[in-house]
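Chemist: Sequence below, structure please.
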Amino acid sequence: MISIYKNTMLDSEIKQLDNIEEGAWINIVAPSEQELLFISKKTGVSLEFLRSPLDEEETSRIDIEDNNMLVIVDIPFTEMEDNSLTYDTYPLAIIHTETNLITVCLKNSKILTDFINRKFKSFYTFKRSRFILQILYRVASYYLIYLRQIDKKSVMIEKRLHKSMKNKELILLLSLEKSLVYFSTSLKSNEITLEKMLKLELIQKYPEDQDVLEDVIIENKQAIEMATIYSNILSGTMDAFASVISNNLNIVMKLLASITIVMSIPNIIFGSFGMNVNGIPFNNSQQAFWLVYGVTAILCVVCIIILKRRDLL
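Modeler: Model prediction:
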């Protein structure tokens with residue numbers, strides 16, 4: 001899907017266009033091959049640049065070719081999976097041309113729709129270098145938002161785990177831990193790209209753009225630190241609950257073993273007196289039944305006391 005937007009200094013309200021104009025922003029989401037060919041022909045951008053973010057494994061990088069600059073960054077996404085909110089990252093390509101700015105992504109992102117819905121003020125489509133930095137700032141901000149959400153979700157799941165040890169909660173924690181790994185890897189990759197952007201002539205032309213880029217780098221570093229801290233906390237929590245579950249299993253096994261020991265006493269005694277042979281004690285006594293049961297009960301009680309003292313029951 002191709003959407004074309006433009007605004008000006010005189011009319012800051014962003015408008016959607018039917019045709020590509022100079023100073024317009026071209027937003028491409030999950031494009032077909034025909035759409036890529038159309039954009040490549042109209043803007044002069046190589047198909048390699050336009051196809052690069054369509055690979056989910058594409059890493060963050062900068063590439064320049066024929067006065068066109070390609071910036072690829074990993075952006076955060078949220079998805080519903082098995083009635084649960086999951087977090088992942090996908091590559092976003094921002095292509096700076098001599099006349100337009102092009103964004104290409106596999107999925108529709110909240111980061112870009114915020115610009116379309118004017119949630120991010122004072123941006124202009126024709127200020128291409130500034131617009132790139134504003135998108136990158138928004139990317140870092142969303143990382144921070146999603147990291148706080150992950151932290152809150154992990155706390156809620158931890159409280160539920162305190163009440164009942166279930167596999168469902170542990171799987172949710174594992175999913176959050178995996179999301180933090182994705183976020184941390186993507187943020188570190190983005191950091192390298194942002195550091196390289198500081199050296200670009202395009203950014204060095206405007207001191208204000210340098211200040212914005214430095215703010216983006218600071219936000220990105222803060223997100224990296226948060227992702228690392230939350231990942232360490234979640235990893236420690238998972239290890240702790242794994243130890244608790246293992247300890248609970250040991251307690252249950254110890255209890256069952258102690259019960260088995262106590263129950264083996266009546267089995268041995270009753271098995272011995274149940275043998276169909278001559279010479280069994282108390283064979284002719286009328287009180288033999290209660291006597292055997294009494295001795296068995298006493299032995300069981302003694303065994304229970306010994307196990308209690310050894311903290312085995």
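Chemist: make it CA atoms for all contacts and neighbour counts henceforth
Modeler: Will do.
Chemist: Against which helices or strands is the strand or helix carrying S40 packed?
Modeler: Using DSSP states H and E, S40 sits in helix 33-43. When contacts are defined as 3 or more Cα pairs under 8 Å, 6 or more residues apart in numbering; DSSP states H and E, helix 33-43 packs onto helix 47-51.
Chemist: what helices or strands is the lowest-mean-pLDDT helix or strand in the chain leaning on?
Modeler: The least trusted helix or strand in the chain, going by mean pLDDT, DSSP states H and E, turns out to be helix 201-204, with a mean of 73. Counting contacts by 3+ Cα pairs under 8 Å, 6+ apart, helix 201-204 packs against helix 207-273.
Chemist: and with 10 Å instead?
Modeler: helix 128-163, helix 207-273 (3 or more Cα pairs under 10 Å, 6 or more residues apart in numbering; DSSP states H and E).
Chemist: could you give the angle of the last one to helix 128-163?
Modeler: An angle of 20 degrees separates the directions of helix 207-273 and helix 128-163 when computed by axes from the mean of the first three to the mean of the last three Cα atoms, to 10 degrees.
Chemist: Give me the residues contacting whichever helix or strand comes after helix 207-273.
Modeler: Once helix 207-273 ends, the next helix or strand along the chain (criterion: DSSP H and E) is helix 288-309. With contact meaning Cα atoms under 10 Å, 6 or more residues apart in numbering, helix 288-309 is reached by 258-259, 261-270, 273, 281-283, 285, 310-313.
Chemist: One more: stretch 13-25?
Modeler: 2-8, 26, 39, 42-43, 96-103, 115-118, 123-128, 131.
Chemist: which of those residues count as buried?
Modeler: In these, burial by neighbour count holds for 2, 4-8, 26, 39, 43, 96-97, 100-103, 115-116, 123-126, 128, 131, counting by 16 or more other Cα atoms under 10 Å.
Chemist: residues touching the residue most central in space within the chain, list them.
Modeler: Taking Cα atoms, centre = their mean as the criterion, S179 is the residue nearest the geometric centre of the chain, at 1.6 Å. Listed by Cα under 10 Å, 6+ apart, the contact partners of S179 are 76, 86-89, 147, 150, 173, 185, 227, 231.
Chemist: This completes my enquiry, with thanks.
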